[in-house]
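Q: Quick one, what's the 3D model for this:
(chains A, B, C and D)
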2 protein chains.
Amino acid sequence: MAAHVKELTNPDRSAENLGDSAYRQMKERIIRGVYRPGHKLTVRAVAQELDVSTTPARDAINRLASEAALVYAGPKTVVVPVLDAGALKEITLIRLALEGLAAQQAGEHVVDDDVEALRLLQKQINSALDVGRYADALWHNKEFHFAIYRLSKLPHLVLMIETLWLRIGPSLHNLYPEFAKERFGVHNHEVAMEALQERDGASVRAAIENDIRDGYRRLKRACREKAALPAS
Amino acid sequence: MAAHVKELTNPDRSAENLGDSAYRQMKERIIRGVYRPGHKLTVRAVAQELDVSTTPARDAINRLASEAALVYAGPKTVVVPVLDAGALKEITLIRLALEGLAAQQAGEHVVDDDVEALRLLQKQINSALDVGRYADALWHNKEFHFAIYRLSKLPHLVLMIETLWLRIGPSLHNLYPEFAKERFGVHNHEVAMEALQERDGASVRAAIENDIRDGYRRLKRACREKAALPAS
DNA sequence: TTTACATTTTTGTTGCAACAAAAATATCAA
DNA sequence: TTGATATTTTTGTTGCAACAAAAATGTAAA
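A: Numbers count the residues shown, from 1 in each chain, chains lettered A, B, ... in the order given. Now for the predicted structure:
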């Protein structure tokens, strides 16, 4: 139950209860794209999958639902969200506001070592794209973004951004690899790193906002081409 | 358990489970300032207070904690948050980003009737201030702000803003009535309404941002004068 | 084949008791 | 009085069974 406060400081997984553990594992699965949009989740199924009783499983599902990482399709049915055009647009607007803020603040706190770490992450993205491991590319892309956002030194902001990524994660994976093949964001990432090097918060924000907008456009196009069909 | 999805549409309270009900009641109490910053909440105490068993009480507390409306003071102790200067500053930054966005979008969807409704709300704020009912003034102030934010037609955004108000609510009430006596925000509210009348989103945003910044300055000053002492 | 209805199964909810761990309290030495 | 230590009490967690409600399935009529 103390997972939230722990996320604000250090991921101390030693004294974690089963509900926290279930929540973390389900979150990981959702972000990794294990469940497709529309997938139905039941308390007993999750309990069996994670080998815990119904109580922690219910805790995890409730918490994910309250964060809108899962949504209600009926009074007794929670599913992985299927984003429609309106919801995608709204989340993008919020992402621009929050991730733009985090990017700008990152420019105020960044040191050279941070930029070096980011260059390493970008290399991992590029390598993954080279060999066609798109799921890995997506994962490293997430790490790159959050490495920047954490530089803002605004932990509450980072957590709020995480919930947004949790909402779009499944739809993102559902559109892969068509979406990733275009080498998304490589240019924007380079610009962001240069701006960070120069401690230019406004330019970091602009680069991240561009990245988000590019992703939004590609996602919308991919949605039109391959209408996101709910998994049975 | 379906409270979240219901909040996105209509407050249909007919088919609501005990966990939702407990969550809603506790939220109301926190916003209304029933509990002071530092107040400790236990599962059994909440259960008794709301006349339900421990399960729904635990649900409500867990959910509020995951939204940071309650925080952990120890592995087994959740308390109403005591905001320090750093947290207040961070939340204000996030509020500026999100409420600024909502205010701007409100300018795109507002109709004349909406402005009329806002004028009524402002009159209620003024009346409450006139007769010294500061808690009521605070409540109507909240209604005024959210009436604007709802005009954005971005329900997810409105919910995220609500969680932010939930975090600062207790500290706000703790500093009353010193804080309210200054007739906060009256001017900013007038400007916001004029801008809405003219469908000028950018100016609505500016007015709301000013209101938030003014509130932040007053809150910080009030904090210095009367150091927020945790209730025993 | 489709639609409407009845039946069966699945599912979330709720309360509770036992347990372990943490917090509060009492005790005592310095 | 203060500080550390031992004791007692409080507290969150976990699993589970019973229940009601919803979802899935089956059935039959058009």
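Q: Let me know the outermost residue of chain A.
A: Going by Cα atoms, centre = their mean, the residue of chain A most distant from its centre is residue A:53, 27.9 Å out.
Q: wait, what's in contact with that residue?
A: Listed by Cβ atoms under 8 Å, 6 or more residues apart in numbering or on different chains, the contact set of residue A:53 reads A:18, A:47. All C-beta atoms are positioned from the backbone trio N, CA, C, and that covers glycine.
Q: which phi and psi does it have?
A: Residue A:53 has phi and psi values of phi -80, psi -180 when expressed as degrees, to the nearest 10.
Q: separation between it and residue B:54?
A: For residue A:53, the distance to residue B:54 (Cβ to Cβ, to the nearest Å) stands at 16 Å.
Q: average model confidence for stretch A:22-42?
A: For stretch A:22-42, the mean per-residue pLDDT is 93.
Q: can you tell me if it touches chain B.
A: No. Judged by Cβ under 8 Å from any Cβ of the partner chain, stretch A:22-42 stays clear of chain B, getting no closer than 8.6 Å.
Q: I would like the residues contacting that stretch, please.
A: A:3, A:16, A:46, A:50, A:52, A:56-57, A:59-61, A:63-64, A:69-70, A:73, A:77-83, A:135, A:138-139, A:142, A:165-166, A:169-174, A:176, A:228-232.
Q: among these, which are within reach of DNA strand D?
A: A:52, A:56, A:59, A:77 (Cβ under 7 Å from any atom of the strand).
Q: Which residues lie in contact with the residue lying closest to residue A:151 once chain neighbours are set aside in this structure?
A: Nearest residue to residue A:151, sequence neighbours excluded (Cβ to Cβ, 6 or more residues apart in numbering or on different chains): residue A:106, at 3.7 Å. Residue A:106 makes contact with A:148-149, A:151-152, A:196, A:201, A:204, according to Cβ under 8 Å, 6+ apart.
Q: can you list the residues of chain A near DNA strand C?
A: Near DNA strand C, when you scan chain A using Cβ under 7 Å from any atom of the strand, you find A:15, A:41-45, A:54-55, A:58, A:61-62, A:76-78.
Q: mind listing which of those are in helices?
A: A:43-45, A:54-55, A:58, A:61-62 (DSSP state H).
Q: Spatially central residue in chain A, please.
A: residue A:165 (3.0 Å).
Q: So which other helices or strands are in contact with the host helix or strand of it?
A: Element membership of residue A:165, judged by DSSP states H and E, is helix A:155-174. Under the contact definition 3 or more Cβ pairs under 8 Å, 6 or more residues apart in numbering or on different chains; DSSP states H and E, helix A:155-174 sits against helix A:3-8, helix A:18-32, helix A:85-109, helix A:134-150, helix A:201-225, helix B:85-109.
Q: care to break chain A down by domain?
A: A:3-79, A:85-225 (automatic domain parsing).
Q: where among those domains is the average confidence lowest?
A: Looking at the domains of chain A, the bottom one is domain A:3-79 with a mean of 86.
Q: Surely residue A:122 forms part of a strand?
A: No. Applying DSSP: H, G, I helix; E, B strand; the rest coil, one finds residue A:122 to be helix, outside a strand.
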